[in-house]
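S.K.: compute the structure for the input listed below.
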Amino acid sequence: MHIDIDIDKDVCIGAGQCALAAPRVFTQDDDGYSMLVPGHEDGSGDPMVREAARACPVGAITVSETASG
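M.R.: Numbering: from 1, shown residues only. Sure, this is the predicted structure:
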């Protein structure tokens with residue numbers, strides 16, 4: 001399975017809960033908005049990715065799985 005992570009930049013308020021929950025995958029840009037850590041755009045097998053999406057107070061993060069191959 002391949003994990004797709006989408007951050008809706010128009011919804012993100014920069015609360016930083018995703019970066020606290022899964023710091024290997026999420027960080028914040030210079031303006032404080034959520035972004036994926038370069039090289040970890042696929043979630044890097046981090047079990048906290050879904051928790052980070054749930055922690056977002058405005059629901060700006062969507063995590064979905066697709067069949068790879």
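S.K.: quick one: the helices in the protein?
M.R.: 17-21, 49-55 (DSSP state H).
S.K.: which one, of those helices, ends up nearest to Glu65?
M.R.: Nearest to Glu65 among the helices of the chain is helix 49-55 (10.0 Å), distances taken as CB to CB. Where C-beta positions appear, they are placed from N, C-alpha and C, glycine not excepted.
S.K.: between the helices of the chain, which gets nearest to Val63?
M.R.: The nearest among the helices of the chain, by CB to CB, is helix 49-55 at 4.7 Å.
S.K.: TSV for the helices of the chain, including mean neighbour count and distance to Asp10?
M.R.: Shown next, in TSV, are the helices of the chain (neighbours: other CB atoms under 10 Å; distance: least, CB to CB, whole Å):
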stretch	mean neighbour count	distance to Asp10
helix 17-21	20	16
helix 49-55	19	16
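S.K.: would you mind giving those as TSV with mean pLDDT and distance to Ser64 added?
M.R.: Formatted as TSV, these follow (pLDDT from 0 to 100; distance: least, CB to CB, whole Å):
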stretch	mean pLDDT	distance to Ser64
helix 17-21	97	16
helix 49-55	96	10
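S.K.: can you put these in TSV and add distance to Asp42?
M.R.: Converted to TSV, the helices of the chain look like this (distance: least, CB to CB, whole Å):
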stretch	distance to Asp42
helix 17-21	15
helix 49-55	9
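S.K.: neighbours of the nearest residue to Asp4 once chain neighbours are set aside, just the number please.
M.R.: Nearest residue to Asp4, sequence neighbours excluded (CB to CB, 6 or more residues apart in numbering): Ser64, at 5.0 Å. Counted with other CB atoms under 10 Å, the neighbours of Ser64 add up to 10.
S.K.: OK, contacts around Ser64?
M.R.: 3-4, 6 (CB atoms under 8 Å, 6 or more residues apart in numbering).
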